[in-house]
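Enquirer: Based on what follows, work out the 3D shape:
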Amino acid sequence: MAEFAKLGSPRYAFGDFVLEPAQQEVRRRDGSALNLSPRLFNALLLFVEHAGELLDKDALMRALWPGVVVDENSLSQVVSSLRRALADDPVASRYIQTVPRRGFRFVATVTALPEQTATRTTAPTTTDESLRDSIPPSELGAPLASAAVPATRSGQAHASTGTRRHWLRLTFFGAAAASLGAAALWASRRALRSGAEPPSTLAVLPFKPLATEARDELLEMGMADSLIARLSVIPGLVVRSVGSVRRYAGPEQDPLRAARELDVAWIVDGSLQRRGEQLRVTARLLRGHDGVAAWTGTFDEKFNGVFEVQDAISARVAKVLAPSLEAFAGARSPVSGLGGTRNTDAYQLYLAAARYAQDMRADGLRKSIALYRQALEIDPGYALAWAGLAETHRRTLFGTDARPSDAFEPADAAIRHALGLVPDLAEARAEQAFKLYWFDFDWDGAERGFRRALAINPNVVTARFGLASLLLNQGRVDEGFAQMRTTRELDPMSPVYNTLEAAYLLEAGRRNEARSRLNRALDIAPSFWLAHCTQALLDLADLKTDKAIAEMRRGVVLADGTTRPLALLGAHLARVGEREEAHEILNQLLALAKSRYVSPSSIATVYAALGDVEPALDALDQAFLARDTRLVFLKDDPRLASLRTTPRFVALMHKLKLDQFGPGLAPI
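Expert: Residues are numbered from 1 along each chain as shown. Model prediction:
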């Protein structure tokens, strides 16, 4: 393929596409154009010109981001976007093949085509509708959302001269162009005619200060939090969670980098400037692939309290912004009952509590619970804090060796407080569904609960994850993985959701996809114990036994409050013939269980691996009495496969009503 690069062929054909470097475009066989950003086009051209060659990751990153230091995730996002554009399957690739730990190879046959006489003309500057409608998006560069709504202090539309000049340079390469309003008109008409669904993924970044010496971090994060809450209820719009955008706080924020890492089509960012009692807030809606502003608004408010300003500004921004997005997201739903607080101290404690709960470590979970309680002492009417407290109690089931009743009794009380304050608080409804799922073993009630929460707010990530897990456990695999993907899209920076998706993919035999998700989790949180244990299972599937055991030992060291990794280590040592150490681990677990709670299902896992059937079944009976959460995975846990035909196991399945479902999937 290097010969084609030397010949400088003007056009390349591969699969169902023709790539034209001179025109900077890719067309399908039917003549329709692919909508690729400049970076995606350059990446595809690089692959095509080196078809059949292994292109290593470092070389690709140097070529696509010259002089800029980026991580492998940026490259992965480019490759993923190209695959989506080409309708390529990452497993059975027709175009871009992944070479594990090395790079990528373009595997399609590429043919050099003779040059054609150009018939394209320079984009006209006229506003005549027939000419305007004939210009394709790649030349017009129209934003996907209406750009005719930027609000100023007087509420009038405007567009900055600098932004307009930059936009015209990008879209016409120096040629004259139609106005921003004409472009938006063309885009909306084109979308209506084609019936296409443009991307509807969005992230709201923490607002940044113009003067770093006068930062108000509460207001910066609070503006994003308020906007996320308001925009999340727009049907069809996927809004990244507060947790996923928190790391982008600060004056050095890069919205394009955030868009790449969060994999969103749109970014909302903004700036804050306070002078005495006056506060000026500027917000922008940016296209994620190139940073072009589709909308800019500036608001002046009297600063009479952080929450009053948050409410005033975020309500005005959402009112202006939502119609721009609703062209693709559907009709707006009313915002009601957000469950917030008016107390700055309570809000700061709430933000800190949510941050500590993220990594599921025992010390972080304890701090999170304490901080939520402090917030609620200050403001007992803070419904979102009650819901957050319930979620953290639930997380202790996997981050620590919490007894299920010790987790769900206070969680249930917190849920009742939250719903008493805001009956349709989606976050609280999600936690109520988790209790039905993980403690009451009420499968139908749990599914109704998760779906009810998502009907209220489709962007509540906990409800999305709960539904995904339930569906995968019950064998409704396609729908379950679709929900799991949406979970990860809502919170792409979560090591927990990336790891659990990897674990489910691994159980489904989709190792390459599992590896990709797991690599992402370890990029985000290199010391996350659950990711290392999942890596061990992946290594076992790859027949890398020594590496797998080493990874499992690493997970044991990193897990500061749960014995689950130790039980998994014992089980896998038994399976590879290290029975003596496996027995030592079993005895260690039994000794611990005399003084504190240790999950009986974990003990059953080690017994089963050692071939001790009756003690394993005894442990599972104890698990049922304790309402052990891991019993929800009983039907499909591969570590218990040797017990499935025994009458006692069959009876337990019937008691749990798990025998009504077909084969499903169980995570680690």
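Enquirer: Show me the contact partners of whichever helix or strand residue 609 is part of.
Expert: In the assignment (DSSP states H and E), residue 609 maps to helix 600-610. Defining contact as Cβ atoms under 8 Å, 6 or more residues apart in numbering, one finds that helix 600-610 is touched by 563-564, 567-568, 570-572, 574-575, 579, 582-583, 585-586, 589-590, 593, 613, 615-617, 619-620, 622-623, 626, 628, 630-631, 634, 637, 639-640, 642-643. Yep, even glycine has a C-beta here, placed from its N, CA and C like the rest.
Enquirer: ranges for the helices of the stretch 201-350 of the chain?
Expert: Using DSSP state H, counting those that start in this stretch, the helices of the stretch 201-350 of the chain run over 217-231, 242-245, 255-262, 306-329, 344-356.
Enquirer: Then the stretch 501-650 of the chain?
Expert: With helices called from DSSP H, counting those that start in this stretch, the stretch 501-650 of the chain shows them at 511-524, 529-541, 545-558, 564-575, 579-593, 600-610, 613-625, 647-655.
Enquirer: Make TSV out of the ones you listed and add mean pLDDT.
Expert: Converted to TSV, the helices of the stretch 501-650 of the chain look like this (pLDDT from 0 to 100):
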stretch	mean pLDDT
helix 511-524	93
helix 529-541	95
helix 545-558	95
helix 564-575	96
helix 579-593	97
helix 600-610	97
helix 613-625	97
helix 647-655	97
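Enquirer: any idea which of those helices is most buried?
Expert: The highest mean neighbour count among those, using mean count of other Cβ atoms under 10 Å, belongs to helix 600-610: a mean of 25.
Enquirer: Taking helix 564-575 as reference, get the angle to that helix.
Expert: 10 degrees (axes from the mean of the first three to the mean of the last three Cα atoms, to 10 degrees).
Enquirer: Can I get helix 600-610 in PDB, CA atoms only?
Expert: Taking Å, rounded to 0.1, in the frame of the first residue of the first chain, the C-alpha atoms of helix 600-610 are listed here in PDB:
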ATOM      1  CA  PRO A 600     -21.300 -16.700  52.600                       C
ATOM      2  CA  SER A 601     -21.400 -16.800  48.800                       C
ATOM      3  CA  SER A 602     -17.700 -16.000  48.700                       C
ATOM      4  CA  ILE A 603     -17.000 -18.800  51.100                       C
ATOM      5  CA  ALA A 604     -19.200 -21.100  48.900                       C
ATOM      6  CA  THR A 605     -17.000 -20.100  45.900                       C
ATOM      7  CA  VAL A 606     -13.900 -21.400  47.500                       C
ATOM      8  CA  TYR A 607     -15.500 -24.600  48.800                       C
ATOM      9  CA  ALA A 608     -16.900 -25.300  45.300                       C
ATOM     10  CA  ALA A 609     -13.500 -24.800  43.700                       C
ATOM     11  CA  LEU A 610     -12.000 -27.300  46.100                       C
END
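Enquirer: now the angle from that helix to helix 579-593?
Expert: Using the same axes, to 10 degrees: helix 600-610 against helix 579-593 is 160 degrees.
Enquirer: Domain map for this protein?
Expert: Domain segmentation of the chain under automatic domain parsing yields 2-113, 141-333, 561-668.
Enquirer: So for residue 349, which of those domains sits nearest?
Expert: Nearest to residue 349 among these is domain 141-333 (11.1 Å), distances taken as Cβ to Cβ.
Enquirer: Below-threshold pLDDT in the chain: ranges please.
Expert: The model of the chain has pLDDT under 70 over residues 1-10, 66-71, 114-199, 211-214, 234-236, 301-337.
Enquirer: That one: strands as residue ranges?
Expert: 11-14, 17-20, 25-28, 54-56, 96-99, 103-106, 110-113, 201-204, 208-209, 238-239, 266-275, 278-287, 293-302 (DSSP state E).
Enquirer: Let me know which of the ones you listed is tucked in deepest.
Expert: strand 201-204 (a mean of 26).
Enquirer: now what about it, what contacts it?
Expert: Residues outside strand 201-204 that contact it (Cβ under 8 Å, 6+ apart): 224, 227-228, 231, 237-240, 244-245, 258-259, 262-269, 325, 489.
Enquirer: any idea how far residue 20 is from residue 31?
Expert: From residue 20 across to residue 31, the span is 12 Å (Cβ to Cβ, to the nearest Å).
Enquirer: same question, residue 230
Expert: From residue 230 to residue 31 the distance is 42 Å (Cβ to Cβ).
Enquirer: which of those two has more neighbours?
Expert: Taking neighbours as other Cβ atoms under 10 Å, residue 230 and residue 31 compare with residue 230 leading, 22 against 7.
Enquirer: Confirm for me that residue 340 is in contact with residue 382.
Expert: Yes - counting by Cβ atoms under 8 Å, residue 340 touches residue 382, with 7.2 Å between them.
Enquirer: Just want to know which of those two has more residues nearby.
Expert: When neighbours are counted by other Cβ under 10 Å, residue 340 and residue 382 differ, and residue 382 comes out ahead with 26 against 23.
Enquirer: and the closest residue to the more buried one other than its chain neighbours, what does it touch?
Expert: Excluding the flanking residues, the one nearest residue 382 by Cβ to Cβ, 6 or more residues apart in numbering is residue 341, at 4.3 Å. In this structure, residue 341 makes contact with 307, 347, 350, 375, 379, 381-382, 384-385, judged by Cβ under 8 Å, 6+ apart.
Enquirer: Show me which of those are buried.
Expert: By neighbour count, with 16 or more other Cβ atoms under 10 Å, the contacts of residue 341 hold 307, 347, 350, 375, 379, 381-382, 384-385 as buried.
Enquirer: Determine the number of other residues adjacent to residue 662.
Expert: If you count neighbours by other Cβ under 10 Å, residue 662 ends up with 10.
Enquirer: Double-check it against residue 475; I have them as touching.
Expert: Yes - with contact defined as Cβ under 8 Å, residue 662 counts as touching residue 475 (4.0 Å).
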